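Visitor: Curious how this folds, go ahead:
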Amino acid sequence: MQKNIPFDRSRPRLKREALTVRTMISMHCRDRHPGSGLCVECRDLEKYALDRLRHCPFGEEKTVCSLCPVHCYKPVMRQKVREVMRYAGPRMMTRHPLMAVSHLLDKRRKEPLKTLNVDA
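Guide: Model (predicted):
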């Protein structure tokens, strides 16, 4: 797992979410795919997820992606992330309890606090 997360210190919420996503993908890949390190498919998924997070229009005010009113993931990638979350989510409480509790607290945000000004 890469140590340097590409989010600056002024965005702690996004940095924490990036770490959570990376940890969950790493857990899923290590337990489900043979080999050392992330496989190509999981590396691509991690890169895609972090890119989506980095460009989130809600920024620090975002809720968890599953509750977001704007689904920016492509359907195929969204399904892959769901599979990772379905596998890693229940295991987070025993392997990374602080991260899991933080994610559950973030999930209590029903909607992003900031609204988008999109000219349709």
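
Visitor: count of neighbours near residue 57?
Guide: Close neighbours of residue 57, defined as other C-beta atoms under 10 Å, add up to 15. Glycine gets a C-beta too; all of them are placed from N, C-alpha and C.

Visitor: any idea how far it lies from residue 67?
Guide: Distance of residue 57 to residue 67, computed by C-beta to C-beta, to the nearest Å: 15 Å.

Visitor: same deal with residue 87?
Guide: Separation of residue 87 from residue 67 (C-beta to C-beta) stands at 20 Å.

Visitor: Residue 16 reaches residue 102, doesn't it?
Guide: Yes: counting by C-beta atoms under 8 Å, residue 102 is a contact partner of residue 16 at 6.1 Å.

Visitor: which residues do these two both contact?
Guide: With contacts defined as C-beta atoms under 8 Å, 6 or more residues apart in numbering, no residue is adjacent to both residue 16 and residue 102.
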